[in-house]
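Engineer: Sequence first, predicted coordinates after that:
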Amino acid sequence: MKPQELIKRHLNDIQKPSRYIGGEFGSVVKDASAVDIRYAFCFPDLYDIGMSHLGMKILYHLLNERQDTWCERVFAPDTDMEALMRRYSMPLYGLESKDPIRDFDFIGFTLQYELCYTNILNMLDLAGVPLLSEERDDSYPVVMCGGPCACNPSALADYVDLFFIGDGEEYFPVLLDLYKSCAGKSEFLRRASQISCMYVPKYHDPNKKVVRAMVEDLDRMYYPSQFVVPFTETVHDRAMIEVMRGCTRGCRFCQAGMIYRPYRQKSPKRLLDCAVRLCENTGYDEISLSSLSTSDYEGLAELTDDLLDYCVPQSISISMPSLRVDNFTKNILDKISAVRKSGLTFAPEAGTQRLRDVINKNVTDADIENTCRIAFEGGASAVKLYFMMGLPTETDEDLAGIVNIANHIEDLYYNINGPKARKLKINISLATFVPKPFTPFQWEAQITVEEAKRKQDYLMSLPHSANIRIHCSDGRTSRIEGVMSRADKKIGKALYEAWKLGCKFDAWDEHFDYDKWVEAFRRANICADDYASRTRSEDEHLPWDIIDVGISKEFLLRERRLAFKAQTTPDCRRKCAGCGINKYCKGDVCP
């Protein structure tokens, strides 16, 4: 049975069947017999999530602009669709052709978060591809992974043939050209292992580090003029333009801020051209300025002025999802509210100045108050704040500071607008801190599930009004994330056992089953505490030491020691912190 026939027959049994039919405006269909390489770009989560991912949009169109390559999209089917696929022995297929991805040349996964790892095993199994790389001969596709979580490939090393480390825009064509020149998969993997940014577990030389690929000139970098426009609503269904890559702030908990160094910007002229073409080719009525810290973009005033000249007459709004508390201005508020108003989101991260100094957030209480004042005076009546709990050196006083901030914001709102103002909404999102590789906190212990629950209960017990809603993440999912993020190869066995027990969609509350993970660790003879709740010594060999992301371990150690003194490090644009990234840059890309 073909996918279209299955969906038609079971239309009432499938939630959002449009996830599985393809044919969206902007999708690329080619003649399979006319291409040399077929690439299955797999996002190991639901269509709704994957179709919102900018990296997938870029690489999908980059590969399809090659005449010799056909890249198709593949997403993890939801449980209802998977049950039907297994019932009718239908293998996982590419959305564009509906062909089984088992017959493709590459099956590539993007690793955006660790809680998708069981989905990767499930998708390979659904495709009819042996999970272990050693059990796949040359008749099977090359299974490869990229994305931020690839900076520690250990948990998946037994299942993946090749890991691509770093920016893909320039090295993906190199990789595909190499594949065409090889007689088979084995030769390709052997030769790919000689490329500096490729980690091939089978052929890796332990005496050499894999060096992250870096695009230096973002203006010359490929960017699509077309996105695939989904039939169904997705999480971020809008035109997105990447204004810059990297961050100069140096937050000590932030992996992205470390592994995406150096700080690189696109010119306002290039961004305006990209935005106009995307809107005209997709019909989107919202443009999102994407980066780790959009309000730090140096050309923001020029860019937004030019964008508004184009956007306002066509009722196209501008959103900036990554705004800093310490440089939010009325000018920014006016521009993002020019077409339609929306709620504002900021991330103070910690409740006291001391703890914000520990994590090098460089945000003050006065910054938070000033930002909220600007928002409230501009008519905002809702604000979302992101915090973390379980940060190194955190005390209950720091947790109480979160509620104190929220209470102060509430008082500020009614002082500005009067007691009869429309109801204020303050939403606090509280995540459990997970230490990540290549950060100054990569050596630290993560709080236990029990301690996470105690902290959450304490926070919720503190006096706060009904206007303040606090949502706490599940400390159990954070624990699994913590194990996977700092895994060694032994964790691969526990990952397999978890999948066999039925674990998948672990990032979703309705699917996550902590007891199954506990049983998986038991079966694999793994002590989860050794990975999540243990402080590493500074001279300990770390599984991800095989990767060189461009920053030195000496810098990370220096930042760790400053953290425990609650001493901050200035923004890179003010003073170079000596992270080591300069030695990998050919041009003058660091500020």
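Structural biologist: Yep, that arrived.
Engineer: How is the spatially most central residue of the chain assigned, secondary-structure-wise?
Structural biologist: In the chain, the residue lying closest to the centroid (CA atoms, centre = their mean) is Q112, at 4.2 Å. For Q112, the secondary-structure state derived from DSSP: H, G, I helix; E, B strand; the rest coil is coil.
Engineer: Quick check: closest non-adjacent residue to it.
Structural biologist: G147 (5.5 Å; CB to CB, 6 or more residues apart in numbering). Placement of C-beta: from N, CA and C, glycine included.
Engineer: what does I526 give?
Structural biologist: The spatial neighbour of I526 that comes closest, neighbours along the chain excluded (CB to CB, 6+ apart), is A494 at 4.7 Å.
Engineer: What mean pLDDT does stretch 391-407 get?
Structural biologist: Stretch 391-407 shows a mean pLDDT of 97.
Engineer: just how off-centre is the helix or strand where C42 lies within its chain?
Structural biologist: When secondary structure is defined by DSSP states H and E, C42 falls within strand 37-43. Strand 37-43 sits 19 Å away from the centroid of its parent chain (CA atoms, centre = their mean, to the nearest Å).
Engineer: What's the first helix or strand after it?
Structural biologist: Using DSSP H and E, the helix or strand that follows strand 37-43 towards the C-terminus is helix 47-50.
Engineer: just checking, what packs against that next one?
Structural biologist: strand 69-75 (3 or more CB pairs under 8 Å, 6 or more residues apart in numbering; DSSP states H and E).
Engineer: Can you show me the CA trace of the strand it packs on as PDB?
Structural biologist: Extracted as PDB, the C-alpha positions of strand 69-75 are listed here (Å, rounded to 0.1, in the frame of the first residue of the first chain):
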ATOM      1  CA  THR A  69      21.100  15.700  -5.700                       C
ATOM      2  CA  TRP A  70      17.600  15.300  -4.500                       C
ATOM      3  CA  CYS A  71      17.000  16.100  -0.800                       C
ATOM      4  CA  GLU A  72      13.700  15.000   0.700                       C
ATOM      5  CA  ARG A  73      12.300  15.700   4.100                       C
ATOM      6  CA  VAL A  74      11.500  13.000   6.700                       C
ATOM      7  CA  PHE A  75       9.900  13.500  10.100                       C
END
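Engineer: so that strand versus strand 37-43, what angle?
Structural biologist: 20 degrees (axes from the mean of the first three to the mean of the last three CA atoms, to 10 degrees).
Engineer: What pairs with strand 69-75, parallel or antiparallel?
Structural biologist: Strand 69-75 has its sheet partners listed here by DSSP bridges as strand 37-43 (parallel).
Engineer: Give the rounded mean pLDDT of the strand it pairs with.
Structural biologist: The average pLDDT within strand 37-43 is 98.
Engineer: go on, stretch 99-107?
Structural biologist: Taken as a whole, stretch 99-107 has an average pLDDT of 98.
Engineer: Tell me the gap between it and the middle of its chain.
Structural biologist: On the basis of CA atoms, centre = their mean, stretch 99-107 is displaced by 25 Å from the centre of the chain it belongs to.
Engineer: List the buried residues of the helix or strand hosting L6.
Structural biologist: Remark: L6 resides in helix 3-9, with elements defined by DSSP H and E. For helix 3-9, the neighbour count (16 or more other CB atoms under 10 Å) marks 3, 6-7 as buried.
Engineer: hang on, the earlier thing: hang on, isn't the residue nearest to Q112 packed against L111?
Structural biologist: Yes: checked against CB atoms under 8 Å, the pair G147 and L111 is within contact range at 4.0 Å.
Engineer: dump the residue contacts of F387.
Structural biologist: 347-351, 402, 428-431 (CB atoms under 8 Å, 6 or more residues apart in numbering).
Engineer: From those residues, which land in helices?
Structural biologist: Helix and strand membership here follows DSSP state H; of those, those in helices are I402.
Engineer: quick one, strands of the stretch 151-300 of the chain?
Structural biologist: Under the criterion DSSP state E, counting those that start in this stretch, the stretch 151-300 of the chain carries strands at the ranges 162-164, 198-199, 210-211, 239-242, 244-245, 264-265, 286-290.
Engineer: Out of the ones you listed, the one nearest S478 is which?
Structural biologist: Closest of the strands of the stretch 151-300 of the chain to S478 is strand 162-164, at 24.4 Å (criterion: CB to CB).
Engineer: which stretches of the stretch 1-150 of the chain aren't confidently modelled?
Structural biologist: Along the stretch 1-150 of the chain, the model assigns pLDDT under 70 to no residue.
Engineer: ends of stretch 465-481, how far apart?
Structural biologist: End-to-end distance for stretch 465-481: 32 Å, by CA to CA, to the nearest Å.
Engineer: Which positions in that stretch come out as buried?
Structural biologist: For stretch 465-481, a neighbour-count test (16+ other CB under 10 Å) marks 467-468, 470, 472-481 as buried.
Engineer: Where in the protein is the helix or strand with the lowest mean pLDDT?
Structural biologist: Each helix and strand of the chain was given a mean pLDDT (mean pLDDT, DSSP states H and E); the minimum falls on helix 330-336 at a mean of 85.
Engineer: Enumerate the positions of it that are buried.
Structural biologist: The neighbour-count check on helix 330-336 (16+ other CB under 10 Å) flags 332-333, 335-336 as buried.
Engineer: Please apply the same query to stretch 296-303.
Structural biologist: The neighbour-count check on stretch 296-303 (16+ other CB under 10 Å) flags 296-297, 299-300, 303 as buried.
Engineer: same thing with stretch 27-43?
Structural biologist: Of the residues in stretch 27-43, those scored as buried under the neighbour-count criterion (16+ other CB under 10 Å) are 27-28, 30, 35, 37-43.
Engineer: about what we covered before: what about the residue nearest to Q112, neighbour count?
Structural biologist: Residues within reach of G147, counting by other CB atoms under 10 Å, total 22.
Engineer: OK, contacts around it?
Structural biologist: G147 sits next to 55, 109-112 when contact means CB under 8 Å, 6+ apart.
Engineer: could you redo these as a markdown table and give each row distance to Y260?
Structural biologist: Conversion of the contacts of G147 to a markdown table gives the following (distance: CB to CB, whole Å):
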| residue | distance to Y260 |
| --- | --- |
| G55 | 12 |
| F109 | 19 |
| T110 | 15 |
| L111 | 15 |
| Q112 | 13 |
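Engineer: which one of these has the most neighbours?
Structural biologist: Of all the contacts of G147, the most densely surrounded is F109 (27 neighbours; neighbours counted as other CB under 10 Å).
Engineer: so that residue sits in a helix?
Structural biologist: No: counting by three-state DSSP, F109 falls outside a helix, being strand.
Engineer: Quick one: mean pLDDT over the host helix or strand of G482.
Structural biologist: Secondary-structure element containing G482, defined by DSSP H and E: helix 475-485. When pLDDT is averaged over helix 475-485, the result is 97.
Engineer: Show me what it is in contact with.
Structural biologist: Under the criterion CB under 8 Å, 6+ apart, residues 113-115, 117, 149, 152, 155, 390, 431-437, 446-449, 451-453, 456, 491, 494-495, 506-507, 512, 514, 517, 528, 531-532 lie in contact with helix 475-485.
Engineer: The residue lying closest to Y310 once chain neighbours are set aside: neighbour count?
Structural biologist: Once its chain neighbours are removed from consideration, Y310 has its nearest residue in V276; the separation is 5.9 Å (CB to CB, 6+ apart). Neighbour count for V276, taken as other CB under 10 Å: 19.
Engineer: what separates the residue nearest to F433 when sequence neighbours are not counted from P321, distance-wise?
Structural biologist: Distances taken as CB to CB, 6+ apart put G390 closest to F433, at 4.2 Å, once the chain neighbours are dropped. Counting by CB to CB, to the nearest Å, the gap from G390 to P321 is 24 Å.
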